[in-house]
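A.B. asks: Below is the sequence, then the predicted model.
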Amino acid sequence: MEMVIDFPGGARVDAHFGAFTVKTDQPPQGGGSDSAPTPFATFLASIGTCAGIYVLGFCRQRNIPTDGVRLIQNLEVDRATGLVTKVLLDIQLPPDFPDKYKDAVIRAAEQCKVKKHFERPPRFEISTKIAA
């Protein structure tokens, strides 16, 4: 999938792919206007939303209502490097969620493709090219 990344002004950096645009910005202390999440916040949101789509699919396949189902994501960060050392995902379930599916819904969330990329990160190759 090709994405085109451009710079629409200020500290904004947007990604365009297919019919979609993902907008990012920086907070004022980073030179932005805080008009959109930072690229890193967008990256972090992709973890929880990816796990969430698997939880949603699990519930839909079993006709389990998703009212009251939500994921809470927290992070542990290395203070020295600022890098995330652990991602904590808590799947909150309503009281009437079937007990027999509680472990299975965790296994569904673990299928998240973003999580799998953390486990087997891709290599990066960065180059420059003079545009025509």
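C.D. replies: Done, it's in.
A.B. asks: Every contact and neighbour count from this point should use C-alpha atoms.
C.D. replies: OK.
A.B. asks: Name all residues that make contact with the residue most central in space within the chain.
C.D. replies: Nearest to the mean C-alpha position of the chain, counting by CA atoms, centre = their mean, stands Ser46 at 1.0 Å. Ser46 sits next to Val114 when contact means CA atoms under 8 Å, 6 or more residues apart in numbering.
A.B. asks: That one sits in which helix or strand?
C.D. replies: In this assignment (DSSP states H and E), Ser46 forms part of helix 39-61.
A.B. asks: How far does that helix sit from its chain's centre?
C.D. replies: Counting by CA atoms, centre = their mean, to the nearest Å, helix 39-61 is centred 6 Å from the centre of its parent chain.
A.B. asks: Report the buried residues of that helix.
C.D. replies: Judged by neighbour count (16 or more other CA atoms under 10 Å), helix 39-61 contains these buried residues: 39, 44, 46-52, 54-56, 58-59.
A.B. asks: and Gln92, what does it touch?
C.D. replies: By CA under 8 Å, 6+ apart, the residues touching Gln92 are Gly68, Val69, Arg70, Leu71, Ile72.
A.B. asks: filter those to the buried ones?
C.D. replies: The neighbour count (16+ other CA under 10 Å) marks Val69, Arg70, Leu71 as buried among those.
A.B. asks: Pick out whichever of these sits closest to Arg120.
C.D. replies: Nearest to Arg120 among the buried ones among the contacts of Gln92, counting by CA to CA, is Leu71 at 23.4 Å.
A.B. asks: quick one: average confidence on the host helix or strand of that closest one?
C.D. replies: Leu71 belongs to strand 70-77 when elements are defined using DSSP H and E. What strand 70-77 shows for mean pLDDT is 98.
A.B. asks: What is the subsequent helix or strand relative to it?
C.D. replies: strand 84-92.
A.B. asks: buried ones in that following strand?
C.D. replies: For strand 84-92, by 16+ other CA under 10 Å, it's Leu89, Ile91.
A.B. asks: List the strands paired with that strand, with their directions.
C.D. replies: Sheet pairing of strand 84-92 (DSSP bridges) gives strand 70-77 (antiparallel).
A.B. asks: Contacts for the strand it pairs with, please.
C.D. replies: Here strand 70-77 makes contact (CA under 8 Å, 6+ apart) with 48, 52, 83-93.
A.B. asks: Nice, that's everything, thank you.
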